[in-house]
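Peer 1: please find the sequence and the predicted model below.
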Amino acid sequence: MGRTGAKVKKGGLGNALMRTQKKTSPISTKDVASSAGKHVSERDGGDASVALASYLEGSSLDDFLASAVLANREFTAVKESIMLMEEADAGPQVVEKDKNVMPEMTFAEMKVPRRPKWDKSTTAEELNRLEKESFLEWRRDIAMLEASSDHLEVTPFEKNLEVWRQLWHVRERSDIMVQIVDARNPLFYRSTDLDAYAKEGETPRRTLLIVNKSDFLDDRQRTAWGDHFKKENIDFVFFSAKEAQDEIDEEAKKLRQEQRNAESHDQYDEAKPAGAPQVVEAEAVVAKKETSPYPVLSRVELLDFVTKIATDVLDEVGVRVKDKGLIKFGMMGFPNVGKSSVINALLGASTYSHKTQRVAVGATPGKTKHFQTMILSDKIMLCDCPGLVFPSFVNSKAEMYCCGVLPLSQLRDHVCTFKHCIACCSKRPCSDTRPV
């Protein structure tokens, strides 16, 4: 019998595990209570997840507070000081302009923020202060340019310093800076100043333009774009990550089926001749004859192309011990242009395989959240940069939604967007394209 008045412990596996957890856990109950409701990174003393959150649009108050934080300034509220403002219409407004009048400002005037010069003697605190001051000055210049224009407005652009720092890190580590653009509107997605930024400094970087989603273009359109890029002395290739990914998935699916059949000792399609599929594919290739001098490269052809570039750069810079002989390609571009899909296609990553490294992809812009590296071969390393919305002048913000830069979940005024789509549609009658 137990002693009278003795304290009896509650039994059960759950209580035993909880008591063991309390004894071994380095975080006390007091710490847990004080960190309730906070993100894990914030509880641990950092704000990495919050810092890398993309910030494109906000109210004037948000911009004012962000500028105040960057400038390390403090403000106090003045009570009983009330000012009534007239209510303004919300949502993006279409700015009407005469299409025959070309705007004075061009895309080249919207510069990419530069990282201040630093060396080994620069401390982390000094570099952080210099970066904030430079970024704040860059935002002020953009605001002055926007205020000086009556018929144009600046697109929503990335206003988070931490995201731009990811771009700076990728540029400093890269030997070749690759811009990935959407083939349906390459000039909108290409940043000319980013190419200029790549060639600045003591060690200029080579640049490459990958025109993704080229399966949307016909031969005539590819020829026109190819002639334009060639005239501008731009190194470019046409590519379709979707077609390459479909080919990878199909090969992986066939290999997976063959392995299953081999394990079950089943004969694989004996009645069907083995050479039949190859004949059909060859006929299909002949039927789809290229008439453009700029074909859409396959995955193997793109790998050969970037390998040749890496070999040329390796001959120039030599083998670097710290990089283990790897040439680094910095992958950059707007959100939703298929940057992560291009990387997965180069890696040969299939949705049916769990062994090959993949990067996250999605229909929502801004899936890549942080800088990451992938080894492509014994010569090439890919440095994936988060998708960045570069500042530029447009007629309305509706163009950003139509181009897929801004997620549709943020759309508040659908009328402007539909007006922009209708304005971009061809004015040709239906009888020109389809007989009546």
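Peer 2: Yep, it's here.
Peer 1: which residues touch stretch 189-201?
Peer 2: Under the contact criterion CB atoms under 8 Å, 6 or more residues apart in numbering, stretch 189-201 has outside partners 107-108, 110-112, 114, 171, 177, 179, 181-182, 204-207, 209, 332-334, 337, 390, 403. All C-beta spots, glycine's among them, are computed from the backbone N, C-alpha and C.
Peer 1: which secondary structure elements does the strand or helix carrying Glu250 contact?
Peer 2: Following DSSP states H and E, one finds Glu250 within helix 241-263. Where contact means 3 or more CB pairs under 8 Å, 6 or more residues apart in numbering; DSSP states H and E, helix 241-263 is packed against helix 299-317, helix 339-347.
Peer 1: what do you get if the cut-off is 7 Å, keeping everything else the same?
Peer 2: Under the contact definition 3 or more CB pairs under 7 Å, 6 or more residues apart in numbering; DSSP states H and E, helix 241-263 sits against helix 339-347.
Peer 1: please identify the pairing partners of the next helix or strand after the helix it packs on and their relative orientation?
Peer 2: The helix or strand immediately downstream of helix 339-347 is strand 372-375, counting by DSSP H and E. Strand 372-375 pairs in its sheet with strand 380-384 (antiparallel), by DSSP bridges.
Peer 1: what about Leu130, how many neighbours?
Peer 2: Leu130: 15 surrounding residues under other CB atoms under 10 Å.
Peer 1: quick check on it: phi, psi?
Peer 2: phi -60, psi -40 (degrees, to the nearest 10).
Peer 1: quick check: nearest residue in space to it, chain neighbours excluded?
Peer 2: Leaving aside its sequence neighbours, Leu130 sits nearest to Pro116 (CB to CB, 6 or more residues apart in numbering; 4.1 Å).
Peer 1: swap in Ser377?
Peer 2: In space, Ser377 is closest to Thr307, 7.0 Å off (CB to CB, 6+ apart).
Peer 1: residues contacting the one you found?
Peer 2: If a contact means CB atoms under 7 Å, 6 or more residues apart in numbering, then Thr307 has 377, 379-380 as its contacts.
Peer 1: among those, which ones are buried?
Peer 2: Taking 16 or more other CB atoms under 10 Å as the criterion, what is buried in the contacts of Thr307 is 379-380.
Peer 1: any regions of the stretch 51-200 of the chain where pLDDT drops low?
Peer 2: Where the stretch 51-200 of the chain drops to pLDDT under 70, the residues are 51-109, 149-153, 155.
Peer 1: report the contact partners of Leu376.
Peer 2: Per CB under 7 Å, 6+ apart, neighbours of Leu376: 346-347, 382.
Peer 1: what about 6 Å?
Peer 2: Residues near Leu376 by CB atoms under 6 Å, 6 or more residues apart in numbering: 346, 382.
Peer 1: number of residues surrounding Arg190?
Peer 2: Per other CB under 10 Å, the neighbour tally for Arg190 reads 22.
Peer 1: ok, now how distant is it from Asp378?
Peer 2: With distances taken as CB to CB, to the nearest Å, Arg190 is found 31 Å from Asp378.
Peer 1: and for Pro116?
Peer 2: Relative to Asp378, Pro116 is positioned 35 Å away (CB to CB).
Peer 1: and the contacts of Thr307 as JSON lines, adding distance to Leu167 and pLDDT?
Peer 2: Output for the contacts of Thr307, formatted as JSON lines (distance: CB to CB, whole Å; pLDDT from 0 to 100):
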{"residue": "Ser377", "distance to Leu167": "25", "pLDDT": "87"}
{"residue": "Lys379", "distance to Leu167": "24", "pLDDT": "89"}
{"residue": "Ile380", "distance to Leu167": "20", "pLDDT": "91"}
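Peer 1: could the contacts of Thr307 go into JSON lines alongside distance to Ile327?
Peer 2: JSON lines is the format used below for those (distance: CB to CB, whole Å):
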{"residue": "Ser377", "distance to Ile327": "10"}
{"residue": "Lys379", "distance to Ile327": "6"}
{"residue": "Ile380", "distance to Ile327": "6"}
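Peer 1: from the contacts of Thr307, which is closest to Gln257?
Peer 2: Closest approach to Gln257 among the contacts of Thr307 (CB to CB): Ser377, at 28.1 Å.
Peer 1: mind checking the SS state of that closest one?
Peer 2: Of the three states, Ser377 takes coil under DSSP: H, G, I helix; E, B strand; the rest coil.
Peer 1: separation between it and Asp193?
Peer 2: Taking CB to CB, one finds Ser377 at 31 Å from Asp193.
Peer 1: so where's the stretch 201-350 of the chain shaky on pLDDT?
Peer 2: Residues of the stretch 201-350 of the chain that meet the cut-off, pLDDT under 70, sit at 265-290.
Peer 1: hmm, try it at 90
Peer 2: For the stretch 201-350 of the chain, applying pLDDT under 90 flags the ranges 201-204, 243-294, 314-325, 334-338, 340-341, 344-345, 347-350.
Peer 1: ranges for the strands of the stretch 51-200 of the chain?
Peer 2: 153-154, 176-182 (DSSP state E, counting those that start in this stretch).
Peer 1: most tightly surrounded among these?
Peer 2: Highest mean neighbour count of these: strand 176-182, a mean of 24 (counted as mean count of other CB atoms under 10 Å).
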